[in-house]
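J.: Compute the structure for the input listed below.
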Amino acid sequence: TTSQIMSSMNSAPAKGGRAFLSGVDFYRHVPRDLTQATKLGAIMSILAIVTMTVLFFAETLAFARTSIVTEISLDDNTTPQIRLNFNITFFDLQCDYATVDVLDALGSNRQNVT
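T.: A predicted model of the protein is given here:
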């Protein structure tokens, strides 16, 4: 319980580090005379081990077989340029200072398109 953990933490320096760690153990060992083996428990344990083994090897093989594929395809559009119309109003900006820069998906950059 929490009070046992707190009391073991307070008395940890007196008992030593190993006693402190065993006092904080949430997964305590159950004595052998309090356990009972069953056929169902054995079957479940074997199924769990087989499942974990199959998953381990399947994931390892999937990781080892992974390959990176890069694929680029060109657009079938034969038109060299696309007409784009837009209307923006700037009240305090003269037309001499307004420019448009175009950047496409392949990284081609055209500046001052007017």
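
J.: for the chain, what spans make up the strands?
T.: 102-103, 109-110 (DSSP state E).

J.: By mean pLDDT, show me the worst of the ones you listed.
T.: Lowest mean pLDDT within those: strand 109-110, at a mean of 66.

J.: residue boundaries of the helices in this structure?
T.: 2-10, 12-15, 17-23, 39-64 (DSSP state H).

J.: Worst mean pLDDT among the ones you listed?
T.: Averaging pLDDT over each of the helices of the chain puts helix 12-15 lowest, since it has a mean of 49.

J.: Quick check: the gap between the residue nearest the centre of the chain and Thr70.
T.: By C-alpha atoms, centre = their mean, the mean C-alpha position of the chain lies nearest to Phe63, the distance being 15.5 Å. Using C-beta to C-beta, to the nearest Å, Phe63 is found at 20 Å from Thr70. C-beta: built from backbone N, CA, C; applies to glycine.

J.: before we move on, what about Tyr97?
T.: Tyr97 is 41 Å from Thr70, by C-beta to C-beta.

J.: next one: Glu59
T.: 25 Å.

J.: go on, Val54?
T.: Applying C-beta to C-beta to Val54 and Thr70 gives a distance of 32 Å.

J.: who's more crowded, the two?
T.: Val54 (10 against 4; other C-beta atoms under 10 Å).

J.: residues contacting the more buried one?
T.: Listed by C-beta atoms under 8 Å, 6 or more residues apart in numbering, Val54 has no contact partners.

J.: and it, how far is that from Ala48?
T.: 11 Å.

J.: Next, show the common contact partners of the two.
T.: With C-beta under 8 Å, 6+ apart, Val54 and Ala48 have no common neighbours.

J.: Run a quick neighbour tally on Phe20.
T.: Counted with other C-beta under 10 Å, Phe20 comes out at 16.

J.: now Leu84
T.: Neighbour tally, Leu84, other C-beta under 10 Å: 8.

J.: ditto for Met52
T.: Count around Met52 with other C-beta under 10 Å applied: 10.

J.: From Ala58, how far out is it?
T.: Met52 is 11 Å from Ala58, by C-beta to C-beta.
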